[in-house]
Structure formats: structure tokens, C-alpha cells
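Q: Sequence and predicted structure are below.
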There are 2 protein chains.
Amino acid sequence: MSNRILLVEDDLALGQQVVDTLSQAGFDPHWVQDGDAARGLNPDDYRVIVLDLMLPGTYGMDLLKRYRTKSEVPVLILSARDDTADKIRGLKLGADDYVTKPFFPEELVARIQACVRRPNLVGTERIIVGAIQIDLERREVTTSDGTLSLTPVEFEILGLLARRKGSAVTRDALVDAALDTAHDNSRRTLDVHISRLRGKLRSDAAQLETVWGIGYRLSEGS
Amino acid sequence: MSNRILLVEDDLALGQQVVDTLSQAGFDPHWVQDGDAARGLNPDDYRVIVLDLMLPGTYGMDLLKRYRTKSEVPVLILSARDDTADKIRGLKLGADDYVTKPFFPEELVARIQACVRRPNLVGTERIIVGAIQIDLERREVTTSDGTLSLTPVEFEILGLLARRKGSAVTRDALVDAALDTAHDNSRRTLDVHISRLRGKLRSDAAQLETVWGIGYRLSEGS
DNA sequence: CCCGGCGTTAAGGCTCGCGTAAGGTCCGAG
DNA sequence: CTCGGACCTTACGCGAGCCTTAACGCCGGG
């Protein structure tokens, strides 16, 4: 991963300006003008995502929520209104910063650099929770019983649970992340995948606990 | 490390306000009024440092530089002037965020939580009242007897009481927040849940006191 | 064309939480 | 002190939420 930055911004003049500034600062900006286009992109392809809240198509907040269920990528919100309630909502949803227009491009760059500087990128692509090790890149999972191979859906589920390790994750979030969201009935499907996952985890299955009425949680067995 | 936060702020009224807000949000603020006092402290003792730039004694920027050479602690700058040059300078020096006065205390809290969320693990959405710790994200409650698992309704009740910790909360408010409001007869239902909660809280049950004729209150066991 | 892998659906059984009832206890007013 | 209402606790049945097994349909490769 290089210095690629995703900019979601519908204002043409402003977008161009930001792109120029970012390029000049050594980043590699990737600019999309509309929320629906941004929807299909993989957040993990970018170092930072700069997101305008007021967008045609998908509303910015939805995008943020969507990215957050899939990834840990830093998201920086760009907004026309200097609305405190909005700010709080955005930051609560996991945004890393919030900049209101108008702003000086240099400020935006400085804030992006502040995001990137954070020490989280150390243990990249590999998550260890208890006896379970998940290599997101190699798509490989090791437990105390040895390496085991998961199906794509199973891997997505385990991956999301691992990224949120320790926290209770909603059934909806899991369904949204791992299953084809087209047919959203039959939430029993998730049960089956969880069941199979537990079966494969064998002696470490206890780490995948169900949170009644909410969803599931992957915890360190400790 | 707990939720200790260092606040460096010379304005007495504002400082007190921030301290109150932070406490209420479950943090443990530690307030010093002057830069020279802050100079001797070990930044690693804190989860986040909130730093006013305009200080008597050591100038705020110097403090920031000093902290940065010693530690990776997130620093959030508080400043009276909305000066872009200052912002950029602060962020370049390694500050994680920059808030200009006047601001709403809730915004500050949200930004602090965004900072804290980074290094993974705890810190978000956690309320501590007496010996009871409530992690809203993990949906987990810890008491002096250890971790205990609550049902959704019990968790909602305890959560609301914790958010309003110290204040009496109406029965109606609790019923409204936690129970399926469809059939609101049988107000005895809430009693049962409270009872069960007390049962699970065991030795900390005393913190959940009855306010006769009103409702309940969750207090620090003092 | 068959076969194995995978996602999905269906169905039965089970656990668990919720609400209600019933009897006891505590509190405050008169 | 007494009475009534507010509150606490225990017990229990129902239904929701969950787990598992089994079987179906959709691909891909052999």
C-alpha cells in the first residue's frame, strides 16, 4: 500500500483543489465525485479516506458506517456545515477527524498526516486473538489445533469479529459484511455459518461467544 | 492504565467545565493550571493529553514538543485562536487534533474518544461508577466480583442509570428505554429486572439504590 | 456429465430471557 | 400504631432467539 488516498467529494472546484494539494504533498489522491461510486470501492485499498458528508446518491454517513464495518481505515470527514451534533455523530461512528469548509488545503494535509502517523499500522494484516491467529493477507487461520481452511464467508465473518475483537458485533453487521445483502430475509443463514465456524475452531470455539439478543463476540480465551 | 486524562488549562471556569464533562463521560481527568506544572509530569501516565496553547509559564507548543520526544501519547490541542498557521504547526508537531474555543464540551469528548479509539483496546464508551465498569461497546460489565453477563434489558437499564450516574432516574424513563413499550401495564416488570440486576451485582448491589416514589439511582459506592 | 465445494433453506429441538402472578417487606402519612 | 401503597423477591410458562442436522441448488473443474 502506498500513499493512496480516497477523496469522496462532489464539488468539482474544491475537489480539484484538494487533489492538487494532496499530490503536491506527496500523496496519491484518488477522487470520486459521487457516493454510489464510492460504495463499491474497497476501503482497505487506501491509506486514508477523505469523505464529504453532503453527497448526491448515498449519504455520507452511510458510507462511513459501511467502511467502518469492513475496515479500520482512518476516515476524515469533510463537511459544509459546522454542526456540533453532526460532528459528534461522525466521530462516534468512528471517524478520525472532522474538518469544516471552508478550510485551507494545508490544514487538511496536516490533519491527514496526523491520521497516517498513528501507530496502528504496525501489526498490519495479522490479528491475534487468544489462540487464534488470522492472517488477512494470506487468508489463513491458525488455531491451537493447527492451520485450518475457511470458506470465503466464514473468513469474512471471522475477520470482522477479529477486527472488533472483544466487542460485541451485531448480527446485522456480520450479515452485511459477509453475506450477499441482496436477500436479507433468512437471518438463520448466519447461524449456520457461525455453527460451522465453531465446528472448525474445535478447541478454540469457546472464544466465539454469542451475545444474546445482539450478536457475537470474539474474545481472548484468557 | 485507566481512563486518566491530563488537562492543561489555565482558564478556571473552562477547565472546571471540561473536567465535569470528562468525568461524566467516564474519564478520569487530571487538571493542572499551568505549563510549568505540566512540564514535570510523565506523559505516559495518561491516555490522552488535552493541551491549551495559551498558557502562563511554558508555552504550549514547547510542552507539545517535549511530550512528543518522550512519548506517543495522543495530544489534543485546545486553542483560543482559530489560526490556521497555528493549527498546521501544531499538527505538524505531532498533535492528534486541534479544537478551537469556544467549543461544546460534547464535541471535545467525542474527539477525545476518537483519539483513544486508535490504539485498539478499551477506552471507548466506557463508564465507570464506583466499582462497576460498563463497557458499552463490548457490552460487558465488570464489578468487584469479576465480569458478569447481562441480558439485553438488564444492560439497557444499567446503561441508562450509568449515563445518568448520581441522578435519580424515573421509572418511566427506565421502562421506556429498556422494555418493549407496547404493553406498559404491569409496572412490576421493572422491579423484577432491577431485582435480577441487584442479584447479579452481588456485593456492589448497594450502588443501585431505590429513590422512593421516583425511580432508581446508580451511585458511586463512595 | 458427474462430482465436490459452497452458500442457502428448511425444520426440529433447545436454551434463555421476558413478562406476569402472588406473597412478602418496606416506607411514609395520618 | 396502623393502614395503604410502593417496592422486593421467587416461581413459572410462553415465546423468541439460537443451534444443529439435513437436504437442496448453484457453480466449477475433471
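A: Arrived safely. Numbering: from 1, shown residues only, chains lettered A, B, ... in the order given.
Q: From now on I want contacts and neighbour counts done on CA atoms only, so please keep to that.
A: Will do.
Q: so how far is residue B:112 from the residue nearest to residue A:114 when sequence neighbours are not counted?
A: Using Cα to Cα, 6 or more residues apart in numbering or on different chains and skipping residues adjacent in sequence, the residue nearest residue A:114 is residue B:96, 5.7 Å away. Residue B:96 sits 10 Å away from residue B:112, taking Cα to Cα, to the nearest Å as the criterion.
Q: Give me the more crowded residue out of these two.
A: residue B:96 (29 against 25; other Cα atoms under 10 Å in any protein chain shown).
Q: about what we covered before: quick check: neighbours shared by residue B:96 and residue B:112?
A: residue B:76 (Cα atoms under 8 Å, 6 or more residues apart in numbering or on different chains).
Q: And the pLDDT at the residue nearest to residue A:114?
A: Residue B:96 is assigned 75 on the pLDDT scale.
Q: ok, residues contacting the helix or strand hosting residue A:192?
A: Assigning secondary structure by DSSP states H and E places residue A:192 in helix A:188-201. Residues from elsewhere that reach helix A:188-201, judged by Cα under 8 Å, 6+ apart: A:143, A:148, A:153-154, A:171, A:174-175, A:204-205, A:208.
Q: Of these, just say which sits nearest to residue B:218.
A: residue A:171 (30.4 Å; Cα to Cα).
Q: partners of the closest residue to the closest one other than its chain neighbours in the sheet?
A: In space, and not counting its chain neighbours, residue A:171 is closest to residue A:215: 4.6 Å by Cα to Cα, 6+ apart. Beta-bridge partners for residue A:215, by DSSP bridges, are residue A:170, residue A:211.
Q: is it true that residue A:215 touches residue A:167?
A: No: the pair residue A:215 / residue A:167 is not scored as a contact, 10.1 Å apart, by Cα atoms under 8 Å.
Q: List the residues that are in contact with both of those two.
A: Joint contacts of residue A:215 and residue A:167 (Cα under 8 Å, 6+ apart) do not exist.
Q: So for the two, which sits in the more crowded spot?
A: The neighbour comparison of residue A:215 against residue A:167 (other Cα under 10 Å) goes to residue A:167, with 22 against 15.
Q: Who are the contact partners of that one?
A: By Cα under 8 Å, 6+ apart, the neighbours of residue A:167 are A:217-219, B:137-139.
Q: Compare those and tell me which is most surrounded.
A: residue A:218 (26 neighbours).
Q: Can you list phi and psi of that residue for me?
A: Residue A:218 adopts backbone torsions of phi -100, psi 120, taken as degrees, to the nearest 10.
Q: For the residue nearest to residue A:114, give its distance to DNA strand C.
A: 40 Å (Cα to the nearest atom of the strand, to the nearest Å).
Q: Nearest spatial neighbour of the residue in chain A that chain B sits nearest to, chain-adjacent residues omitted?
A: Of all residues in chain A, residue A:167 sits closest to chain B, at 3.7 Å by Cα to the nearest Cα. In space, residue A:167 comes closest to residue B:138 once its chain neighbours are excluded; the distance is 3.7 Å by Cα to Cα, 6+ apart.
Q: Am I right that that neighbour sits in a strand?
A: No: using DSSP: H, G, I helix; E, B strand; the rest coil, the secondary structure at residue B:138 is coil, not a strand.
Q: And the pLDDT for the residue nearest to the spatial centre of chain A?
A: Chain A has residue A:71 as the residue nearest its centroid, 2.1 Å off, counting by Cα atoms, centre = their mean. According to the prediction, residue A:71 has pLDDT 70.
Q: So it sits against residue A:44, correct?
A: Yes: under the criterion of Cα under 8 Å, residue A:71 makes contact with residue A:44 at 6.3 Å.
Q: can I see the domain layout of chain A?
A: A:4-121, A:126-218 (automatic domain parsing).
Q: got CSV for those domains, with distance to residue B:29 too?
A: Output for the domains of chain A, formatted as CSV (distance: least, Cα to Cα, whole Å):
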stretch, distance to residue B:29
domain A:4-121, 20
domain A:126-218, 25
